[in-house]
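Colleague: no letters, just coordinates:
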Ligand code: TYM
């Protein structure tokens, strides 16, 4: 690999986003976030991270966790992230995130963190381990973004509240210590920002769902994908139509729209007079076909651990150098003694 240069193009805006390495990404992760990351790489300075420190807020088996982190890194590259164009790295390899997180936690109110809906959900889900990391998680997420002075953060709908908090923390820091951080904007896709469970379309699609049919994993094979779509919960109507109260069909239409680029009117006319069975099969096939290149590329990448290591090591070094400048400036602002 060519020696990478940490200097970024200062005329381009900076993008940061992250994803937890908690297993194979879901179709929700893919359509709501990752699929949109690749096309941004030419227009922006992109920094993408496997956020393993965030994943540690839930108890994990260390060996499985380590393996999954590398697999998820390979999966990001398989989804089209180019480690030459973007900085693609593993969060724990850059200690500057955690260091800035401490500083930012002193600009964050306890009350703000108690209002985070994901904290409420996750602490209900894991009542035996409501650890401090789970509570301060959104501060680390703010640090991930602010430590690069990112302008834009491509995310799905469920991360909007965390992003809003990151913006508030940035504004508060700037008011207290003088202009320092860029206040980042969310970059949420018009279609696909909230892909729902195939078994309960009022809930978001999530890999932690107990029912495996609720969730498409992006490495599922074609037969599995089609089978899961065939079993998707719909309604007692028969018309493929985007309408209030048709959550299951609306979700399938959204998915179909994301993978084919067709709008809702086009989808309605394509399936007019046809039943839900035909429609579900078409959605399954379209999704499986669009994920085929990801599966093929992943198989190649995961077999080459040395290449992956080279990529994430290089990514970590570039991320560290870039963030160090911003962290040093923030450290001076708050009054830490300079020793460099
Ligand atoms: P995570 O790992 O839960 O999800 C990664 C991305 O996938 C999106 N997403 C979805 N989009 C549409 N429909 C769904 N069903 C769906 N499920 C997940 C998420 O919105 C997210 O964009 N806290 C973050 C990770 C993170 C981060 C950051 C993101 C840590 N630091 C800094 C952006 C910037 C999380 O847990 O995402």
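Modeller: Happy to help now that I have it. Just so it is clear, the structure is predicted and the values come from calculations on it, not from any experiment.
Colleague: quick one: contacts for residue 254?
Modeller: Counting by C-beta atoms under 8 Å, 6 or more residues apart in numbering, residue 254 touches 191-192, 195. The way it works is simple: take the backbone N, C-alpha and C, and place the C-beta from them, glycine included.
Colleague: what's the answer for residue 168, then?
Modeller: Contacts of residue 168 (C-beta under 8 Å, 6+ apart): residue 112.
Colleague: need the next SSE after the strand or helix carrying it, C-terminal direction.
Modeller: Using DSSP states H and E, the element containing residue 168 is helix 160-177. The helix or strand immediately downstream of helix 160-177 is strand 185-187, counting by DSSP H and E.
Colleague: what is that following strand packed up against?
Modeller: Secondary-structure packing of strand 185-187 (3 or more C-beta pairs under 8 Å, 6 or more residues apart in numbering; DSSP states H and E): strand 152-154, helix 160-177.
Colleague: mind listing residues that contact the helix or strand bottoming out on mean pLDDT in the chain?
Modeller: Lowest on mean pLDDT, DSSP states H and E among the helices and strands of the chain sits helix 117-125, with a mean of 93. Helix 117-125 is contacted by residues 57-58, 113, 130, 134-135, 137-138, 158, 161-162, 208 when judged by C-beta under 8 Å, 6+ apart.
Colleague: out of the residues you listed, which are close to the ligand?
Modeller: 158, 162 (C-beta under 6 Å from any ligand atom).
Colleague: what's the ChimeraX line that selects buried ones from the contacts of helix 117-125?
Modeller: ChimeraX command restricting the contacts of helix 117-125 to the buried ones, with burial defined by 16 or more other C-beta atoms under 10 Å:
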select :57,58,113,134,135,137,138,158,162
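Colleague: please identify which pair of the contacts of helix 117-125 lies farthest apart.
Modeller: The two members of those with the most space between them (C-beta to C-beta) are 113 and 208, at 21.4 Å.
Colleague: start and end of stretch 152-170, how far apart?
Modeller: 14 Å (C-alpha to C-alpha, to the nearest Å).
Colleague: tell me the phi and psi of residue 42?
Modeller: phi -80, psi -30 (degrees, to the nearest 10).
Colleague: and stretch 155-163, how far from the chain's centre?
Modeller: When distances are taken as C-alpha atoms, centre = their mean, to the nearest Å, stretch 155-163 is centred 9 Å away from the chain's centroid.
Colleague: I'm done for today, thanks for sticking with me.
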